[in-house]
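1. Quick check, what structure comes out for this input:
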Amino acid sequence: MTIDHVDLSRIDLNLLVALDALLAERNVTRAAARIGIGQSAMSSSLARLRTTFGDELLTRAPEGMRATPRALALAAPVRTLLRQIQSLVRRDEAFDPRSVTRTFTIGLPDSTEVLLGPRLLAYLREHAPGISLLLRSIDRIRILQELDADRVDLGIGTFSHGQTHHKQRLLYRDRYVCLFNAELVGLEPPISLDDYLRFPHVLTSLKETAHGVVDDALALLGLRRDLAVTTPRFLAVPFLVRSAPVLTTMQERLATLFAGTLGLAVSPAPVALDEVAISMLWHASYDNDPAHRWLRQTLLALADDAAQVG
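-> Sure, this is the predicted structure:
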């Protein structure tokens with residue numbers, strides 16, 4: 001499409017910066033602070049944006065401000081456009097991880113943090129000492145909202161959904177195994193399905209519901225298990241298992257780490273369970289950001305190294 005320079009010149013592109021901040025914060029005061037202007041100036045920008053797009057864009061709601069369908073449709077293209085403009089005007093042509101200073105906010109469960117976190121931290125200290133991490137525990141639903149609001153740079157976990165402006169890349173696949181204290185339960189690997197059902201279980205559920213993939217698999221067989229404890233914290237599970245005659249089912253990489261550290265036993269799960277895919281998720285506007293791209297490539301390499309060692 002041919003660019004209409006005359007028509008485009010009538011548009012203040014700074015309004016797009018204001019729009020991006022407003023859609024991220026859903027609050028005029030916070031949006032103004034985000035880009036360093038006064039509240040009245042942001043209110044004026046919102047009024048001009050409404051005129052430009054012929055839409056209210058943001059309307060008052062009990063929880064603050066609610067984006068209209070038109071505003072929601074604009075969010076991803078505006079964010080991507082601003083990232084592209086930013087890349088065009090930046091003077092640094094080459095990305096040097098040793099000299100860059102930046103903080104990345106990553107949302108991930110503690111299970112993935114304990115597996116990848118130590119490797120990533122060690123690598124950054126050696127190769128990119130100016131890069132720091134802000135790690136946040138976040139669920140797979142809220143991560144999309146946090147990415148869209150630019151409060152999280154990258155999500156790591158199991159993701160089954162997203163929108164066209166959310167990019168996803170597989171880090172690794174893992175299978176489920178059973179973890180237990182062999183001395184307390186009196187079993188040695190591999191355990192049978194009868195033994196698996198004879199002892200109560202510890203379940204990790206980020207949704208705070210006493211139901212997981214194991215329960216779905218057992219239901220197909222007309223079976224059920226007894227749950228002794230349900231917790232949202234993966235790191236508490238091995239200590240619970242070590243202290244009582246109970247079983248738990250978790251990803252093999254994590255179970256192997258816990259077993260070696262705490263003297264626990266690992267056995268193949270005696271029920272058919274699908275593999276779990278651990279992926280990275282990010283906003284498309286960061287696709288060509290050099291530092292972000294470097295971080296994603298680094299995580300891929302570290303995950304692959306961990307698989308080779310495992």
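
2. which residues of the stretch 101-250 of the chain fall in helices?
-> Secondary structure of the stretch 101-250 of the chain, counting by DSSP state H, counting those that start in this stretch: helices at 110-127, 142-148, 182-185, 193-198, 213-220, 237-243.

3. Among those helices, which comes closest to Pro268?
-> Distances from Pro268 to each of these were compared using CB to CB; the minimum, 10.4 Å, belongs to helix 193-198. Where you see a C-beta, it was placed from the backbone N, CA and C, and this is true even at glycine.

4. List the buried residues of the closest one.
-> The neighbour-count check on helix 193-198 (16 or more other CB atoms under 10 Å) flags Asp195, Tyr196, Leu197 as buried.

5. how about TSV for those residues, with distance to Leu58 added?
-> Converted to TSV, the buried residues of helix 193-198 look like this (distance: CB to CB, whole Å):
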residue	distance to Leu58
Asp195	58
Tyr196	53
Leu197	54
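
6. ok, so of these, who is nearest Tyr176?
-> Closest approach to Tyr176 among those (CB to CB): Tyr196, at 11.9 Å.

7. Per-residue pLDDT of the closest one, please?
-> Among the per-residue scores, Tyr196 shows a pLDDT of 97.

8. try the one 5 residues further on
-> Reading off the per-residue confidence, His201 sits at a pLDDT of 97.

9. My guess is it contacts Thr231. True?
-> No: with contact defined as CB atoms under 8 Å, His201 does not count as touching Thr231 (11.6 Å).

10. number of nearby residues for Gly36?
-> Here the neighbour count serves as a burial measure; for Gly36 (other CB atoms under 10 Å) it reads 8.

11. Sorry, wrong one. I was asking about Arg26.
-> Look at Arg26: counted by other CB under 10 Å, it has 17 neighbours.

12. doesn't Thr59 make contact with it?
-> No: Arg26 lies out of contact with Thr59 (CB under 8 Å); the separation is 10.4 Å.

13. Overlap in contacts, these two.
-> Taking CB atoms under 8 Å, 6 or more residues apart in numbering as the criterion, Arg26 and Thr59 both touch Met65, Arg66.

14. Surely Ser111 and Ala255 touch.
-> No: counting by CB under 8 Å, no contact exists between Ser111 and Ala255, whose distance comes to 10.1 Å.

15. So, low pLDDT: which residues of the protein?
-> The model of the chain has pLDDT under 70 over residues 1-10, 87-94, 162, 208, 306-310.

16. again, only using 80
-> Confidence mapping of the chain against pLDDT under 80 gives the ranges 1-13, 62-64, 80, 83-95, 138-141, 160-164, 206-209, 305-310.

17. ok, Ala32 - contacts?
-> For Ala32, the set of contacting residues under the criterion of CB under 8 Å, 6+ apart consists of Ala21, Gly38, Gln39, Ala41, Met42.

18. Show me where the stretch 151-300 of the chain has its strands.
-> In chain order, the stretch 151-300 of the chain shows strands spanning 154-157, 166-174, 176-180, 201-204, 227-231, 247-251, 265-268, 276-283, with DSSP state E, counting those that start in this stretch as the criterion.

19. Please render the ones you listed as a markdown table that adds distance to Leu144 to the earlier fields.
-> Formatted as a markdown table, the entries for those read as follows, by distance: least, CB to CB, whole Å:
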| stretch | distance to Leu144 |
| --- | --- |
| strand 154-157 | 8 |
| strand 166-174 | 7 |
| strand 176-180 | 26 |
| strand 201-204 | 22 |
| strand 227-231 | 25 |
| strand 247-251 | 23 |
| strand 265-268 | 34 |
| strand 276-283 | 8 |
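
20. tell me the domain ranges of the protein?
-> With automatic domain parsing as the criterion, the domains of the chain are listed as 5-89, 102-174+277-309, 176-274.

21. before we move on, back to that, take the strands of the stretch 151-300 of the chain and lay them out in JSON lines including mean neighbour count and distance to Leu187.
-> Output for these, formatted as JSON lines (neighbours: other CB atoms under 10 Å; distance: least, CB to CB, whole Å):
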{"stretch": "strand 154-157", "mean neighbour count": "23", "distance to Leu187": "31"}
{"stretch": "strand 166-174", "mean neighbour count": "16", "distance to Leu187": "23"}
{"stretch": "strand 176-180", "mean neighbour count": "25", "distance to Leu187": "7"}
{"stretch": "strand 201-204", "mean neighbour count": "22", "distance to Leu187": "14"}
{"stretch": "strand 227-231", "mean neighbour count": "16", "distance to Leu187": "16"}
{"stretch": "strand 247-251", "mean neighbour count": "25", "distance to Leu187": "9"}
{"stretch": "strand 265-268", "mean neighbour count": "18", "distance to Leu187": "8"}
{"stretch": "strand 276-283", "mean neighbour count": "21", "distance to Leu187": "24"}
